[in-house]
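**Student:** With the input below, show me the fold.
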Amino acid sequence: VSFVRCIKPNLSSTPQLFEDDVVVDQVRSSCLVETSLIKQRGFAFSSDLVGFVQRYKCTHEEDRFSRCDGDWQMAAGRICGNLHIDMDFYFVGFTCIFIKDSATVLYLEKKRDECLD
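**Tutor:** Predicted coordinates for the structure are as follows:
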């Protein structure tokens, strides 16, 4: 999925006026720098933590999962750890989990399918 992010050069929409602080604030608040760094490091897939945990929690032992108590980062890490996914192939951020390759995503889906059967 590709997207275009529009950055306003100033708040007053005045032609030929570029306000550095306005642009920097927009770039920081939209996480463009972090997103590009993550993509450069090879993490091609991402999912929000809540969605990831809800989708793959069936692969995790329920009693251990319940101890996460709303800590979505911990829950996502436990799911990946329980499935023995090498930490080099995923990264848990504040709101998203990033996965390096399609093989890991396919493995997660296979394990989920096994739980649902």
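
**Student:** What is the burial count for Leu49?
**Tutor:** Number of residues near Leu49 (other CB atoms under 10 Å) recorded here: 20. To be clear about C-beta, it is placed using only N, CA and C from the backbone, and glycine gets the same treatment.

**Student:** I figured it was touching Cys96, is that so?
**Tutor:** Yes. Counting by CB atoms under 8 Å, Cys96 is a contact partner of Leu49 at 6.3 Å.

**Student:** tell me which residues in the lengthiest helix in the chain are buried?
**Tutor:** As assigned by DSSP state H, the longest helix anywhere in the chain is helix 102-116. Judged by neighbour count (16 or more other CB atoms under 10 Å), helix 102-116 contains these buried residues: Thr104, Tyr107, Leu108, Lys111, Arg112.

**Student:** For the last one, give me the pLDDT.
**Tutor:** According to the prediction, Arg112 has pLDDT 94.

**Student:** Relative to Gln54, how far out is it?
**Tutor:** Separation of Arg112 from Gln54 (CB to CB, to the nearest Å): 11 Å.

**Student:** what bridges to the residue sitting nearest the centre point of the chain?
**Tutor:** For the chain, the residue nearest the mean C-alpha position is Cys96 (2.6 Å; CA atoms, centre = their mean). Note on Cys96: beta-bridge partners by DSSP bridges are Asp48.

**Student:** my read: it touches Phe43, true?
**Tutor:** No. Cys96 lies out of contact with Phe43 (CB under 8 Å); the separation is 9.6 Å.
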